[in-house]
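Q: model the following, please.
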Amino acid sequence: MILPIATRAGIDPIHLGVVMSYNLSLGLVTPPFGSVMFVVCGISRTTIVDFSQRGAAVSCHLGRGARADHHTFRHR
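A: Residues are numbered from 1 along each chain as shown. Just a heads-up that it's a prediction; the model follows:
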């Protein structure tokens, strides 16, 4: 459903797929909707607070990458 719109806008389908996968995986591991985060916390028997504190550096790094990709899309 998004692919025809992106193609007409001049966005490469491979780039779109990579950025969408990246952003979806970022959303799955970060609160408040991080469903994968809840599963990992349940399996590893750790708290969400501990997981979030230890994963803050990773989240910041991933967030910078998402902003860089958004910047790339906007200026094509």
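Q: which other residues reach stretch 41-50?
A: The contact list for stretch 41-50 (Cβ atoms under 8 Å, 6 or more residues apart in numbering) reads 31, 37-38, 40, 51. The C-beta positions use only the backbone N, C-alpha and C, and glycine is treated the same way.
Q: for Ala6, see how far away Val29 is.
A: 25 Å (Cβ to Cβ, to the nearest Å).
Q: oops, could you answer that again for Leu28 instead?
A: According to Cβ to Cβ, Leu28 and Ala6 sit 22 Å apart.
Q: same check on Leu16?
A: Using Cβ to Cβ, which is the criterion applied here, Leu16 is 5 Å from Ala6.
Q: sorry, back to before: among the contacts of stretch 41-50, which are located in helices?
A: Cross-referencing the contacts of stretch 41-50 against helices under DSSP state H gives 37-38, 40, 51.
Q: of Leu28 and Ala6, which one has the most company?
A: When Leu28 and Ala6 are compared for neighbours, Ala6 comes out ahead with 17 against 14, by other Cβ atoms under 10 Å.
Q: pLDDT score for that one?
A: As predicted, Ala6 sits at a pLDDT of 92.
Q: isn't it right up against Gly17?
A: No - if you go by Cβ atoms under 8 Å, Ala6 and Gly17 don't touch, sitting 9.6 Å apart.
Q: keeping just the C-alphas, turn stretch 20-32 into PDB.
A: Only the C-alpha atoms of stretch 20-32 are listed here, as PDB (Å, rounded to 0.1, in the frame of the first residue of the first chain):
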ATOM      1  CA  MET A  20      10.800   0.800   7.300                       C
ATOM      2  CA  SER A  21      12.400  -2.300   8.800                       C
ATOM      3  CA  TYR A  22      14.800  -0.200  10.800                       C
ATOM      4  CA  ASN A  23      12.100   2.000  12.200                       C
ATOM      5  CA  LEU A  24       9.700  -0.800  13.000                       C
ATOM      6  CA  SER A  25      12.400  -2.700  14.900                       C
ATOM      7  CA  LEU A  26      13.300   0.400  16.800                       C
ATOM      8  CA  GLY A  27       9.600   0.700  17.800                       C
ATOM      9  CA  LEU A  28       9.500  -2.900  18.900                       C
ATOM     10  CA  VAL A  29      12.300  -2.500  21.500                       C
ATOM     11  CA  THR A  30      11.600   1.000  22.900                       C
ATOM     12  CA  PRO A  31       8.900   1.900  25.400                       C
ATOM     13  CA  PRO A  32       5.900   2.600  25.600                       C
END
